[in-house]
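Chemist: Return atomic coordinates for the entry below.
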Amino acid sequence: MNASNPPNLSTLNSQIPGAAAHLASSKTRIRLILTIALVMVAAMLGCSADGEPTPYDREDFTPIAGPPPLPMIFEGKFTVAGEPGPADQTIYAEFVHGGSPRSTTLEGEYIQVILGPVSVDDIDLGVISFYLGTRAGDHVKADQTWTWSQVNQPTNQVLDLSFPRFPES
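Modeler: Down below sits the predicted model:
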């Protein structure tokens, strides 16, 4: 073996017993580490100061004990009044108390709506609603909702959304 002709898995497997399994295991670990790093970066960006906080009554708010549950990452197609939605719209999701950062749409689709529960009510009621628009201005609720279930890793969920109209400016 030399630097100009690197070994492949079949060469390594014939020369070093267990080498292929070790390389496959290393690739799996690297993918897992990269996935975790990506989710952490997305969560940090989602928690930036320019996001709009979800309004809630602090007296009714009971935080989840222990570490927060892992988030769901929603994406999918979206329509407004039956037509594919335009780019540069704002979509966000909310529980009772927890809310996602705003996500800007692409032509006919949305990505990176990241949300996890923050209160006992979020878990107990468990319904996630999706909105087109902003929390401070007019917003339109999607016809679809999602019922929360505990996940053991950050999970991508494809959910197509339909909105009856555009928010008023």
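
Chemist: list the contacts for the closest residue to residue 122 other than its chain neighbours?
Modeler: Distance criterion CB to CB, 6 or more residues apart in numbering; nearest residue to residue 122, sequence neighbours excluded, is residue 95 at 3.8 Å. (Glycine included, C-beta is placed from N, CA and C.) Going by CB atoms under 8 Å, 6 or more residues apart in numbering, residue 95 touches 115, 117-119, 121-122, 125-128, 148.

Chemist: What average pLDDT does stretch 140-154 get?
Modeler: Mean pLDDT, stretch 140-154: 91.

Chemist: So which bits of it are buried?
Modeler: Using 16 or more other CB atoms under 10 Å as the test for burial, stretch 140-154 gives 140, 142, 146, 148, 154.

Chemist: Make sure the second one is actually in contact with residue 162.
Modeler: So the one you mean is residue 142. Yes - between residue 142 and residue 162 there is a contact under CB atoms under 8 Å: 6.4 Å.

Chemist: Return every residue with contacts to both of these two.
Modeler: residue 78.

Chemist: that's a strand at residue 36, yeah?
Modeler: No - assessed with DSSP: H, G, I helix; E, B strand; the rest coil, residue 36 is helix; it does not lie in a strand.

Chemist: State the distance from it to residue 71.
Modeler: Distance, residue 36 to residue 71, by CB to CB, to the nearest Å: 12 Å.
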